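**Q** how does the following fold in three dimensions:
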Amino acid sequence: MNALPLILEPSQLRPLLADPDLLIIDLSKAETYQQGHIPGAIHVDPARLLAGTAPVANKLPSSEQLSALFSELGLREGLQVVVYDDQMGPWAGRMIWTLDIIGHRRSSFLNGHLKAWIDAGGELESTLNLPQSSDFEAQPDLSLVAGLDEICNHLDDPQQLIWDARSKAEYRGDKRINATKAGHIPGARHLEWTDLLISTDDWRLKKPAELQQLLSSKGIDADKEVITHCQTHRRSGLTYLVAKSLGYPRIRCYDGSWFEWGNHPDTPVDTFNDETTE
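**A** As a prediction, the model looks like this:
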């Protein structure tokens, strides 16, 4: 199979379902998968994309955890991976990021997820599909991961830009979720992840030109190193995916996200209450 585009339309996927070099990963809730999924899709619990250990459970899993997951999925060179979820795209985006970290670049994001598949005439099945396992040894490339100390040491670096993908209320400090502090990393640009979608009812991404204009309007420019985050690096999985699709050459993720930053005793925080100051 030839490599597929990063953003894949349902019409492009339909004729390929029987290809032995295709792995479709469904990151939906288990009950959603059981009710109906794309034929051949393998269900993966999104929690497998998290380390799951204290003090910051949402960080990248260990090499051992990644090796176990992708061995179970039968990952191998030449396999084309297609991912989708039932959360409007964040988990699928985080899976793309994870695949990039382990060096598997043949991955695609199904635009619009299951609803778009159904709207395009795609069939569903309720069969529990099990993959053929492989012996995959993950060797993570941590250059795609940004850490707390690194960000702190470069807050005044004009070549580094923080993209905060959370809600406006979280960014401004009006809403605090599982953290002792509210607000945002000093200097961070805010662009909420849902603004990248056509709507919260239509989960397809906006057209590339529209996305680029949106990012540029927020000062999120491709000539900077962009580090994106949210609360637990779920929502920022989608922002990573979008920046990657637009060709941003230096896009990384802060997997500790606000859960780590907002609970750390020494991290600086800014708050804004007036929209004009954002």
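**Q** would you mark the buried spots in stretch 104-121?
**A** Of all the residues in stretch 104-121, those buried under the rule 16 or more other CB atoms under 10 Å are 104, 106-117. Glycine gets a C-beta too; all of them are placed from N, C-alpha and C.
**Q** ok, stretch 246-255 next?
**A** Across stretch 246-255, burial judged by 16+ other CB under 10 Å covers 248, 250, 251, 252, 253, 254, 255.
**Q** tell me the SS of residue 162?
**A** For residue 162, the assignment made with DSSP: H, G, I helix; E, B strand; the rest coil gives strand.
**Q** and the closest residue to it other than its chain neighbours, how many neighbours?
**A** Nearest non-adjacent residue to residue 162, counting by CB to CB, 6 or more residues apart in numbering: residue 188, 3.9 Å away. For residue 188, the count of nearby residues is 22 (other CB atoms under 10 Å).
**Q** likewise for residue 153?
**A** Going by other CB under 10 Å, the residues that sit close to residue 153 add up to 11.
**Q** residues touching stretch 29-44, excluding its own?
**A** 13, 17, 22-28, 45, 69, 73, 84, 86, 95, 114, 117, 122-131 (CB atoms under 8 Å, 6 or more residues apart in numbering).
**Q** pull out the buried positions in it.
**A** Using 16+ other CB under 10 Å as the test for burial, stretch 29-44 gives 32, 33, 37, 38, 40, 41, 42, 43, 44.
**Q** from residue 133, how far out is the first one?
**A** Distance from residue 32 to residue 133, counting by CB to CB, to the nearest Å: 24 Å.
**Q** that older thread, format the buried residues of stretch 246-255 as CSV; extra columns: distance to residue 225, pLDDT and secondary structure.
**A** Below are the buried residues of stretch 246-255 laid out as CSV (distance: CB to CB, whole Å; pLDDT from 0 to 100; DSSP: H, G, I helix; E, B strand; the rest coil):
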residue, distance to residue 225, pLDDT, secondary structure
248, 9, 98, coil
250, 4, 97, coil
251, 8, 98, strand
252, 7, 98, strand
253, 12, 98, strand
254, 12, 98, coil
255, 16, 98, coil
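**Q** tabulate these (CSV), appending distance to residue 77.
**A** CSV is the format used below for the buried residues of stretch 246-255 (distance: CB to CB, whole Å):
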residue, distance to residue 77
248, 26
250, 26
251, 24
252, 25
253, 24
254, 30
255, 26
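**Q** quick one, helices of the stretch 151-278 of the chain?
**A** 168-172, 208-217, 235-245, 257-261 (DSSP state H, counting those that start in this stretch).
**Q** out of these, flag the one nearest residue 78.
**A** helix 235-245 (21.0 Å; CB to CB).
**Q** packing partners for that closest one?
**A** Secondary-structure packing of helix 235-245 (3 or more CB pairs under 8 Å, 6 or more residues apart in numbering; DSSP states H and E): helix 90-101, strand 160-164, helix 208-217, strand 225-229, strand 251-253.
**Q** same thing but 10 Å
**A** strand 7-8, helix 90-101, strand 107-110, strand 160-164, helix 208-217, strand 225-229, strand 251-253, helix 257-261 (3 or more CB pairs under 10 Å, 6 or more residues apart in numbering; DSSP states H and E).
**Q** can you tell which of the ones you listed is closest to residue 192?
**A** Taking the helices and strands packed on helix 235-245 one by one with CB to CB, strand 160-164 is closest: 8.6 Å.
**Q** flag the shaky bits of the chain, pLDDT-wise.
**A** Across the chain, the ranges flagged by pLDDT under 70 are 273-278.
**Q** centroid-nearest residue for it?
**A** For the chain, the residue lying nearest the average C-alpha position, counting by CA atoms, centre = their mean, turns out to be residue 237 (1.7 Å).
**Q** and that residue, how far from residue 91?
**A** Distance from residue 237 to residue 91, by CB to CB: 6 Å.
**Q** ok, residue 1 next?
**A** 24 Å.
**Q** okay, the two: which has more neighbours?
**A** More neighbours surround residue 91 than the other of residue 1 and residue 91, with 26 against 12 (other CB under 10 Å).
**Q** for that one, give me its contacts.
**A** Counting by CB atoms under 10 Å, 6 or more residues apart in numbering, residue 91 touches 25-28, 44-47, 49, 83-85, 234-235, 237-238.
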